[in-house]
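Chemist: here's a sequence, model it:
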Amino acid sequence: MNARTLSLLSAVSVCLVVAWCAFAGPMLPKRNLPDDHLSVSGLSQFTIEAFPTQQVMDRYAVSDEKLASVFRERLEQKGFRVHHDGNHPRLRLTVFDAQDTDQPDAVALTAVISVYQKVFMDRLDRQMTLPTITFGMTSLTTKDNVADTLKQLIWDTSDALAGTVHTASKQ
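Modeler: Next up is the predicted model:
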């Protein structure tokens, strides 16, 4: 073989090895997801409701309509369809806060998203609507930055839901 042919074969071999390594992926067994994660597999449509505590609404002038709007916007950005009828799984967003008298400007905000779905409970021989999975996140902020922090907190919690739906849907 001449040097040119040997060089070409070497280059092709290197490309094949690199491609094989890049696309072969790890040879690990598929991880089994817990049932609560599997319960959201294939979900793409929801109805939503937002429940800030009365304390949050009073202290920070936050309404359930405003929270629902931010929540709906993020879900739609993530590719979900939001409906107004009750024929789809329901997402309930609950927001509450905590303050410490020793830190008067600090506010801890918590957003919790629960996915309510119809399930059959064998023990009771009955169909029920129950939360099948819940996501929650907390963020520390100041009183002056509550609105921005709350929006980001809702987005982050919605992203966690979207990631779990995506992962479960691949199983």
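Chemist: would you point out the helix or strand in the chain whose mean pLDDT is lowest?
Modeler: helix 3-24 (a mean of 53; mean pLDDT, DSSP states H and E).
Chemist: downstream of it, the next helix or strand is which one?
Modeler: helix 35-38 (DSSP states H and E).
Chemist: counting contacts, what elements does that following helix pack onto?
Modeler: Counting contacts by 3 or more Cβ pairs under 8 Å, 6 or more residues apart in numbering; DSSP states H and E, helix 35-38 is packed against strand 126-142, helix 146-169. For the C-beta atoms, the positions are set from N, CA and C on the backbone; glycine is no exception.
Chemist: where are the low-confidence patches of this structure?
Modeler: For the chain, applying pLDDT under 70 flags the ranges 1-30.
Chemist: ok so, going back, who wins for proximity to residue 93 among the helices and strands packed on helix 35-38?
Modeler: helix 146-169 (6.8 Å; Cβ to Cβ).
Chemist: pull out the buried residues from that closest one.
Modeler: Within helix 146-169, the residues that count as buried by 16 or more other Cβ atoms under 10 Å are 146, 149-155, 157-158, 161-162, 164-165, 168.
Chemist: quick one: residues contacting residue 143.
Modeler: Contact analysis of residue 143 by Cβ atoms under 8 Å, 6 or more residues apart in numbering lists 60, 105, 107.
Chemist: can you turn the buried part of the residues you listed into a ChimeraX selection?
Modeler: Applying 16+ other Cβ under 10 Å to those leaves a buried subset, and the ChimeraX line that selects it is:
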select :60,107
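Chemist: format the contacts of residue 143 as CSV; extra columns: secondary structure and distance to residue 119.
Modeler: Shown next, in CSV, are those (DSSP: H, G, I helix; E, B strand; the rest coil; distance: Cβ to Cβ, whole Å):
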residue, secondary structure, distance to residue 119
60, helix, 35
105, strand, 44
107, strand, 36
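Chemist: switch the contacts of residue 143 over to CSV; also include distance to residue 50.
Modeler: CSV is the format used below for these (distance: Cβ to Cβ, whole Å):
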residue, distance to residue 50
60, 14
105, 26
107, 19
